[in-house]
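*Asks:* no letters, just coordinates:
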């Protein structure tokens, strides 16, 4: 019943561990609402018995069973970025002050229970108020304990809109090379999270200034201070890229597309007789580079394929696109990815020289019209199928060729996607 169905918070608020021990809620929930760090000073078996005995029904995942120290719980389906540190390096303690001393940042190094109130030994409340990220104690020691904390600092900067203190910046600069010892999967997990933050533009700039960004993607160094020497652009390449990243919606495929869409420009730059730079094939070369980079980062294959395809096509919509070509794009890419392409192009244009480039267009309206006309069709959706063509006497490669032609005619709006109309077209052209 309602009295038996209680949350973990009820246990620590009522201090039902006393007199055998104490429990504190850690401030990590401020920066990660799905994470609950519970500091306790009794053996885990006894704590779990007490929690079970109190009728707790919250969906929690215990990531590691320590004998004594910190029980870190997560909502079902979430993962711990601290798991490596906790599993490999933690010592068991029973004092809240010692526990807070080994935390990463001051904003994570506070604890609370009703008996003692807020325990804030490292000015975490002040740092939250000032929106600044400070390491706990000696910043370099905290990084040496777990170098991934460098990227966690940038993630909080991006997601929370905080800035890094000078002390934090200097420690990161001095210890950044320790990131090379971290497994790629852990690097990528944190990097993907920071890419989705609202403050991503300032964060990527800070990563460049500290030398961290090129450790993750070495190819990026060539974009720094790279002047584009083209009237369409009034920003250097790096600042153009991060502007596009910040303007696309917070969708991981889009953010990676924006990050890498012009990565090949330094490689393909040429100049005409007027001294204007051109970047022919940068979308093709860039798509290949993006595939290699994202594969190295061990991102999912589907995401890699999506990013590669959008980068390869990201110049298409800047030209005059006929309805037939637009319909064909919808057929090839599907609704979700064509929408991503449109969002990218809008962000790209709005990050160029607005005295030369007009960011206004009707692409969203054209997508809406194409969908209403049911142009989201592939050869497998045609009313006339392969069996119908076999029954008409066609064989082998003829079948694929005719189906491709029928799709082309439909996307050109020359014939409807109706069986009788397509049969009539095939009979007239091939069997007359």
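*Replies:* Arrived safely. This structure is a prediction, so every number in the text was calculated from the model and none was measured.

*Asks:* every contact and neighbour count from this point should use C-alpha atoms.
*Replies:* OK.

*Asks:* can you pull out the low-pLDDT segments for this protein?
*Replies:* Regions of the chain meeting the criterion pLDDT under 70 cover residues 1-95.

*Asks:* which parts of it are strands?
*Replies:* In the chain, the strands defined using DSSP state E lie at 23-26, 35-40, 60-62, 70-75, 110-113, 117-120, 132-133, 163-164, 270-271, 277-278.

*Asks:* check which helices and strands the fifth one sits against.
*Replies:* Applying 3 or more Cα pairs under 8 Å, 6 or more residues apart in numbering; DSSP states H and E, one finds that strand 110-113 makes contact with strand 23-26, helix 96-101, strand 117-120.

*Asks:* make it 7 Å
*Replies:* For strand 110-113, the elements it packs on are strand 23-26, strand 117-120, judged by 3 or more Cα pairs under 7 Å, 6 or more residues apart in numbering; DSSP states H and E.

*Asks:* please name the nearest non-neighbouring residue to residue 348.
*Replies:* For residue 348, ignoring the flanking residues on the chain, the nearest one in space by Cα to Cα, 6 or more residues apart in numbering is residue 244 at 5.4 Å.

*Asks:* count the residues that sit near residue 194.
*Replies:* Burial of residue 194 is recorded as 24 neighbouring residues (other Cα atoms under 10 Å).

*Asks:* report the separation between the nearest residue to it once chain neighbours are set aside and residue 272.
*Replies:* Taking Cα to Cα, 6+ apart, and ignoring the residues beside it in sequence, residue 194 has residue 155 as its nearest neighbour in space, at 4.3 Å. From residue 155 across to residue 272, the span is 42 Å (Cα to Cα, to the nearest Å).

*Asks:* who has more neighbours out of those two?
*Replies:* Comparing residue 155 with residue 272 by other Cα under 10 Å, the one with more neighbours is residue 155, at 24 against 8.

*Asks:* on that earlier part again, who's in contact with the residue nearest to residue 194?
*Replies:* Shown in contact with residue 155 (Cα atoms under 7 Å, 6 or more residues apart in numbering): 190, 193, 194.

*Asks:* can I get these in JSON lines including distance to residue 170?
*Replies:* Written out in JSON lines, the entries for these read as follows (distance: Cα to Cα, whole Å):
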{"residue": "190", "distance to residue 170": "20"}
{"residue": "193", "distance to residue 170": "23"}
{"residue": "194", "distance to residue 170": "20"}
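
*Asks:* so of those residues, which ones are in helices?
*Replies:* Where the contacts of residue 155 overlap with helices, as defined by DSSP state H, the overlap consists of 190, 193, 194.

*Asks:* ok, now which ones touch the second one?
*Replies:* Remark: with contacts taken as Cα under 7 Å, 6+ apart, residue 193 is in contact with residue 155.

*Asks:* list the buried ones in stretch 288-303?
*Replies:* Taking 16 or more other Cα atoms under 10 Å as the basis for neighbour counts, the residues of stretch 288-303 that come out buried are 288, 289, 290, 291, 293, 294, 297, 299, 303.

*Asks:* show residues contacting it.
*Replies:* Under the criterion Cα under 7 Å, 6+ apart, residues 184, 185, 188, 253, 260, 304, 308 lie in contact with stretch 288-303.

*Asks:* from those, pick the one nearest residue 209.
*Replies:* Proximity of the contacts of stretch 288-303 to residue 209, judged by Cα to Cα, is greatest for residue 260, which lies at 18.7 Å.

*Asks:* and residue 179, how many neighbours does it have?
*Replies:* For residue 179, the number of neighbouring residues by other Cα under 10 Å comes to 21.

*Asks:* wait, I meant residue 169
*Replies:* When neighbours are counted by other Cα under 10 Å, residue 169 registers 20.

*Asks:* number the chain from 43, please
*Replies:* Understood, numbering begins at 43; the last thing we discussed is residue 211.

*Asks:* quick one: it and residue 319, what's the gap?
*Replies:* As defined by Cα to Cα, residue 211 lies at a distance of 36 Å from residue 319.

*Asks:* ok, residue 204 touching residue 172?
*Replies:* No - using Cα atoms under 7 Å as the test, residue 204 is too far from residue 172 to be in contact (8.2 Å).

*Asks:* looking at the two, which is more packed in?
*Replies:* Taking neighbours as other Cα under 10 Å, residue 204 and residue 172 compare with residue 204 leading, 22 against 11.

*Asks:* rewinding a little: which of the contacts of stretch 330-345 lies closest to residue 410?
*Replies:* The shortest separation between residue 410 and any of these is 21.5 Å, and it belongs to residue 295 (by Cα to Cα).

*Asks:* pull the contacting residues for that closest one.
*Replies:* If you count contacts by Cα under 7 Å, 6+ apart, then residue 295 has 345, 348, 349 around it.

*Asks:* find residues that contact each of residue 204 and residue 172.
*Replies:* Shared contacts of residue 204 and residue 172, defined by Cα under 7 Å, 6+ apart, are not found at any residue.

*Asks:* and the closest residue to residue 282 other than its chain neighbours, how many neighbours?
*Replies:* With sequence-adjacent residues excluded and distances taken as Cα to Cα, 6+ apart, residue 282 is closest to residue 393, at 6.1 Å. Using other Cα under 10 Å, residue 393 has 24 neighbouring residues.

*Asks:* show me the contacts for residue 393.
*Replies:* By Cα under 7 Å, 6+ apart, the contact list for residue 393 reads 282, 285, 286.

*Asks:* most neighbours out of those, which is it?
*Replies:* The most crowded member of the contacts of residue 393, judged by other Cα under 10 Å, is residue 286 (26 neighbours).

*Asks:* my guess is it contacts residue 300. True?
*Replies:* Yes - at 5.8 Å, residue 286 counts as touching residue 300 under the criterion of Cα under 7 Å.

*Asks:* tell me the buried residues in stretch 450-464?
*Replies:* If you call a residue buried by 16+ other Cα under 10 Å, then stretch 450-464 has these buried ones: 450, 451, 452, 453, 454, 458, 459, 464.

*Asks:* make JSON lines out of those residues and add distance to residue 355.
*Replies:* Conversion of the buried residues of stretch 450-464 to JSON lines gives the following (distance: Cα to Cα, whole Å):
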{"residue": "450", "distance to residue 355": "19"}
{"residue": "451", "distance to residue 355": "22"}
{"residue": "452", "distance to residue 355": "22"}
{"residue": "453", "distance to residue 355": "19"}
{"residue": "454", "distance to residue 355": "20"}
{"residue": "458", "distance to residue 355": "27"}
{"residue": "459", "distance to residue 355": "27"}
{"residue": "464", "distance to residue 355": "30"}
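
*Asks:* many thanks, I have nothing further to ask.
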